[in-house]
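Asks: Sequence and computational prediction follow.
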Amino acid sequence: MDKSIGKRRLIVIGGGAAGFFCAVNAARMDPLLEVIILEKSGKILSKVRISGGGRCNVTHACFSIAEMLKHYPRGSAFLKKPFHQFFTTDTINWFSGRGVPLITEADGRMFPESNSSASIIDCLLKEAKKYNVEIRMNASVEKIEVNDLSTKGSNTGTKKFVVYMGNKSTLAADAVLVASGGYPNAAQFAWLYSTGHAVETPVPSLFTFNFPGNPITKLMGVSVGNALVKIAGTRLQQEGPLLITHWGLSGPAALKLSAWAARELAAKKYNADIVVNWVPGEHEQSLLEKFKQWRFQLAPQKLINRNPLGLPARLWEFFMQQSGIPETTRWADLPAKEQNIFIRQLCQSSFAMKGKTTFKEEFVTAGGILLSSIDPSRMESKLLPGLFFAGEVMDVDGVTGGFNFQHAWTSGWVAANAITTIAHD
């Protein structure tokens, strides 16, 4: 049984980015608030540690809320109010003010100057220690109940919530923040159903496309700086860098498309036709005109040696092979039939997607607690005052590039601010 009932207490369920950020900020904002983080595993801040190849993509150098919202396939309208309270500049200032300056890369991603996620983890742990945040590992939660405050002799005193632990112990709390991350299936949200909240069915987001047996996989490691990737039969498409892997396609264009198409691809059981335009801005007719010019301008030269589109040599050669064009073919001798096949390959390569692969270890879930039940200006439940949410447990997710972490920092801070306001009421 929980015997410590003197101080007001916040219990944070989940030791990830959102949970930690809420915990340390709430403890800082209200020194009289007792804060306990419950992490079900033996690791804290695990996504922070692996993000960006171990560098931690803290946020994105986007300073317009309207522009930032365009990077969230789900939850963009919900995030508008929170972003007005805590946004990109606030994240940058928060970390730099604690000795962790951020740097911006050419694509807008922002990392700690140290290029190590350890800087972010150390910073958060230092804040936790500074403000006496208690961290309990291997502490799973099975249920949250509202305490009957009218019951005389209640061991939880006047505290509103009772948190039931996996080890059969209980903890009382005045406020509870759920920041337990995304779950791969709806059944794992079951412990939250008792609070009255409904869940948007979770499906994976941010994954790569598998093309088992397709010859293009032999080009693993080849990348293009810009390509247009579409899902056939839909309007879903994304443009950006694209990487060929030994299982199919990855890179920002594929990952962003996987986020926007998360529900559609799940419904198709990850079987779909993926169409790639390797030269965005061009189409079959425009390339046909250019090929006519090149047949005269580059007449004596071999196609394999002269690639006027600037594509990677291995990719150019692959399309020649797929089009039935021998390596010895000169531009002047390019047959019309093979030329048209070649052009179609460049503009409309089609691949049969059969399955997906999680991008490295950076899985993201589309789905979670319904946003209609959460007040975005406080991250507080509309159904159960005193219960808060932050991070991926809600039905909010962003594309790759630091957007999911910005949501974690923002929702964590907004919840902390609201919780400490309650504590002072």
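Replies: Now that the structure is in, tell me what you want to look at.
Asks: Nearest spatial neighbour of residue 300, chain-adjacent residues omitted?
Replies: residue 330 (6.1 Å; Cβ to Cβ, 6 or more residues apart in numbering). (C-beta placed from N, C-alpha, C; glycine too.)
Asks: any idea how far the one you found lies from residue 158?
Replies: Separation of residue 330 from residue 158 (Cβ to Cβ, to the nearest Å) stands at 88 Å.
Asks: try residue 224
Replies: Distance from residue 224 to residue 158, by Cβ to Cβ: 62 Å.
Asks: Compare those two and say which is more crowded by neighbours.
Replies: residue 224 (20 against 11; other Cβ atoms under 10 Å).
Asks: Near residue 370, how many other residues are there?
Replies: Residue 370 has 13 nearby residues by other Cβ under 10 Å.
Asks: wait, what's in contact with it?
Replies: 197-200, 395 (Cβ atoms under 8 Å, 6 or more residues apart in numbering).
Asks: From those residues, list just the buried residues.
Replies: Taking 16 or more other Cβ atoms under 10 Å as the criterion, what is buried in the contacts of residue 370 is 197, 199-200, 395.
Asks: And the contacts of the helix or strand encompassing residue 11?
Replies: Using DSSP states H and E, residue 11 sits in strand 8-13. Here strand 8-13 makes contact (Cβ under 8 Å, 6+ apart) with 19-20, 22-23, 26, 30, 32-38, 141, 159, 161, 163, 171-180, 419, 423.
Asks: Could you tell me which of the contacts of residue 370 belong to strands?
Replies: 199-200 (DSSP state E).
Asks: Test my guess that residue 244 contacts residue 222.
Replies: Yes: the pair residue 244 / residue 222 is scored as a contact, 4.7 Å apart, by Cβ atoms under 8 Å.
Asks: Skip the chain neighbours and tell me the closest residue to residue 19.
Replies: Using Cβ to Cβ, 6+ apart, the nearest residue to residue 19 is residue 179, at 3.5 Å.
Asks: which one in the chain is furthest away from the centre?
Replies: residue 300 (50.0 Å; Cα atoms, centre = their mean).
Asks: how about residue 215, what does it touch?
Replies: Contacts of residue 215 (Cβ under 8 Å, 6+ apart): 318, 322.
Asks: Phi first, then psi, for it.
Replies: For residue 215, the backbone dihedrals (degrees, to the nearest 10) come out as phi -60, psi -20.
Asks: which helix is the longest one in this structure?
Replies: Assignment by DSSP state H gives helix 403-424 as the longest helix of the chain.
Asks: quick revisit: so what's the residue farthest from the centre of the chain up against?
Replies: Contacts of residue 300 by Cβ under 8 Å, 6+ apart are 330-332.
Asks: Let's verify residue 238: helix, strand, or coil?
Replies: strand (DSSP: H, G, I helix; E, B strand; the rest coil).
Asks: just the helices in the stretch 51-200 of the chain please.
Replies: Assigned by DSSP state H, counting those that start in this stretch, the stretch 51-200 of the chain shows helices spanning 65-69, 76-85, 88-96, 117-130, 190-193.
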